[in-house]
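>>> can't give you the sequence, but here's the structure:
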């Protein structure tokens, strides 16, 4: 940025604010925020539910389910499952909903300035 | 056991020790030779600043995913988590979960947007729409502080490891190890730059995953691939009630209600620091710049989540395997924190006192050394890049430095950072390794994360907000740490008559902050200062915010891969 003129400066968009206010950009921003904000709240709540139960609900966590497998272990492994699931879910969502919108805008902006 | 047979057993053990020590040294030398070869190759390719700082932005999603794993799966997480599980059972698993879930913060909120707006360092994003000099100064400072805490943990770990695995117990041997690790990491970074360092991470990640997979498979095979019987054997062999449930290590029930509450709050504070720290670690953040575009950044984080998740699942089996197959006394005799449980388990799997046991022990010990070396290189690169790109090029030279000058200063900074961490690691050897890592996470979450998130998502955010956020978060984390039981006033260990605090003399006690981990207070304070700074300043550059948001979301004008 400040130090060297690079590819970043090739995109001499005349009015960034105009782009930012455009309906296409609005849709892209909405697509991003309407997924990542609720999802962040969801996985953090799910994680802290687990942490709080580890701290304060030990009898419940101690409950045996089968053999030597107890609630604590299953709950912990479910954190792995949810993390993998959300990561895959987000990627599919981003590939489908966000990437085409971003690509359109990018091509319009970069093409427009040569 | 008679005295004579004890002597014989000790002699046999010593003989076995020498054979595995030679093999460990050979295997480790092979790793060092291979990585130095990579470094020389990479140094011939380093032509521009983008090559040196960002590996030419030409790594693929899988490669960068492995490299992120290599940067993240430190010796503290391999040896530390497996050891904690081996001694305290379930509670060691809590660390892994925080470390893994943290990646969702990086994936959803940070990785792609950073890739699109920045070039080389964390401060590129923070200062995008702010006044360059104050923000870059603050960001460079917090980058160096976080990285040095993390570096110390790894280097101290290297000293401990070498003495435990090679039987070199003299302080001189430990110091020599620290110096050797320090010199090697300087060589990787100065000559290899980001490209060389990334390949070192990839090699190490593959070695670590392979080593852990062999052990996991072996342990599971011993228990007929039945997790329940492995857990049962671990609990019975450890002789500890509640070994399979939370509570033996974190959030212990204290003598009073107050003590119990503090202990539980400390656990929650740690959990918060773990989950929010990752996305504020400078050496992780700069990995997003090594790929050609934001889509590849996303892909690489997905790979990293898969690799890191798999690895933590394997440490669970390794930890419980160690508890099931080794006696508690055998583990704690070698290292009270259990840091050698994983290599000891490797030896037991191969057969204690047999050639196979020696081979397994050597492999796992060499993997652990490789791990330390790779992580310290990544940290040195992150902090020296920030000193050169943020502090030298943009603050001192006000953006007028050429690429060549910047890279030269980057190399000099790597030598300086390396020398400083060697000098600090030698006296820091008494500190608990896993704990230093947790502190680095707490500081990263307090100082860096608020400003990163707010600069990416909050229109109103401005220069004062960013600097107050960084200094406020950094300052409160360090201040609370100074007055916490970590520094002074922990109860005296009856065996040694010393306190387990940094000041081990029990007469020195100036702590008033009850928690070991400052995160629970300092992370909210970081966000609070960032908000307060913002609303008390009138600065608002709408045009720059528009440019930043459009670039971040669309990737327009983002730096492309370097073509040679």
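Yep, that arrived. This one's a predicted model, so the numbers in the text were calculated from it and none came from an experiment.

>>> so residue B:562 sits right up against residue B:56, yeah?
Yes. Using C-beta atoms under 8 Å, residue B:562 is in contact with residue B:56, at 3.9 Å. C-betas here are computed from N, CA, C, even on glycine.

>>> so which of those two has more stuff around it?
Applying other C-beta atoms under 10 Å in any protein chain shown to residue B:562 and residue B:56 shows that residue B:56 carries more neighbours, namely 24 against 19.

>>> what residues are up against the more buried one?
B:45, B:48, B:50, B:195, B:561, B:562, B:564 (C-beta atoms under 8 Å, 6 or more residues apart in numbering or on different chains).

>>> can you check residue B:478 too?
B:145, B:443.

>>> and if we set it to 6 Å?
Counting by C-beta atoms under 6 Å, 6 or more residues apart in numbering or on different chains, residue B:478 makes contact with nothing.

>>> wasn't residue A:65 part of a helix?
No. Under DSSP: H, G, I helix; E, B strand; the rest coil, residue A:65 falls outside any helix and is assigned strand.

>>> tally of neighbours for residue 100?
Answering for chain A, as no chain was given. Around residue A:100 there are 12 residues (other C-beta under 10 Å).

>>> chain B is the one I meant
Neighbour count of residue B:100, defined by other C-beta under 10 Å: 24.

>>> for residue B:37, same thing?
Neighbours of residue B:37 using other C-beta under 10 Å come to 12.

>>> ok, residue B:455 next?
So residue B:455, with other C-beta under 10 Å, has 26 neighbours.

>>> element containing it, please.
Secondary structure assignment for residue B:455, by DSSP states H and E: helix B:449-457.

>>> show me the contacts for the residue nearest in space to the middle of chain A.
By C-alpha atoms, centre = their mean, chain A has its centre lying nearest to residue A:36, at 4.1 Å. The neighbourhood of residue A:36, defined by C-beta under 6 Å, 6+ apart, consists of B:108, B:109.

>>> quick one: the helix or strand containing it to helix B:449-457, angle?
Using DSSP H and E, the element containing residue A:36 is helix A:23-56. Interaxial angle, helix A:23-56 versus helix B:449-457 (axes from the mean of the first three to the mean of the last three C-alpha atoms, to 10 degrees): 160 degrees.

>>> pull out the buried positions in the following helix or strand past helix A:23-56.
Next helix or strand after helix A:23-56 toward the C-terminus (DSSP H and E): helix A:58-61. Counting neighbours by 16 or more other C-beta atoms under 10 Å in any protein chain shown, one finds that the buried residues in helix A:58-61 are A:58, A:61.

>>> what of stretch B:27-46?
Using 16+ other C-beta under 10 Å as the test for burial, stretch B:27-46 gives B:27, B:28, B:31, B:32, B:35, B:36, B:38, B:39, B:42, B:43, B:45, B:46.

>>> among those residues, name the ones in helices.
Among the buried residues of stretch B:27-46, the ones falling in helices (DSSP state H) are B:27, B:28, B:31, B:32, B:35, B:36, B:38, B:39, B:42, B:43, B:45.

>>> now check stretch B:92-104, is it near chain A?
Yes. Applying C-beta under 6 Å from any C-beta of the partner chain, one finds stretch B:92-104 in contact with chain A at B:93, B:97, B:100, B:101, B:104.

>>> state the distance from the third one to residue B:107.
Going back to what we said before, that points to residue B:100. 11 Å (C-beta to C-beta, to the nearest Å).

>>> chain A against chain B: which residues are in contact?
A:2-3, A:7-8, A:11, A:16-17, A:19-20, A:28, A:36, A:40, A:43, A:47, A:51, A:54-55, A:58, A:61-62, A:67-70, A:72, A:76, A:79-80, A:83, A:86-87, A:91, A:102, A:105-106, A:109.

>>> of those, buried ones?
The buried subset of these - by 16+ other C-beta under 10 Å - is A:3, A:8, A:11, A:16-17, A:19-20, A:28, A:36, A:40, A:43, A:47, A:51, A:54-55, A:58, A:61-62, A:68-70, A:72, A:76, A:79-80, A:83, A:86-87, A:91, A:102, A:105-106, A:109.

>>> how about the residue in chain A sticking out farthest from the centre, phi and psi?
Most distant from the centre of chain A: residue A:67, at 37.1 Å, with distances by C-alpha atoms, centre = their mean. Note on residue A:67: its backbone torsions stand at phi 50, psi -130 [degrees, to the nearest 10].

>>> make sure it is actually in contact with residue B:229.
No. If you go by C-beta atoms under 6 Å, residue A:67 and residue B:229 don't touch, sitting 7.4 Å apart.

>>> leaving out sequence neighbours, find the closest residue to residue B:555.
Leaving aside its chain neighbours, residue B:555 sits nearest to residue B:116 (4.6 Å; criterion: C-beta to C-beta, 6 or more residues apart in numbering or on different chains).

>>> count the neighbours of residue 98 for me.
Here I'm looking at chain A. 23.

>>> the intended chain is chain B.
Neighbours of residue B:98 (other C-beta under 10 Å): 23.

>>> now do the SS call for it.
helix.

>>> residue contacts, it?
Residues near residue B:98 by C-beta under 6 Å, 6+ apart: B:271, B:274, B:275.

>>> what does residue B:376 give?
B:151, B:154, B:185.

>>> so which strand or helix has it?
Element membership of residue B:376, judged by DSSP H and E, is helix B:355-385.

>>> in that helix, which residues are buried?
Residues of helix B:355-385 classed as buried by neighbour count (16+ other C-beta under 10 Å): B:357-385.

>>> okay then, goodbye and thanks.
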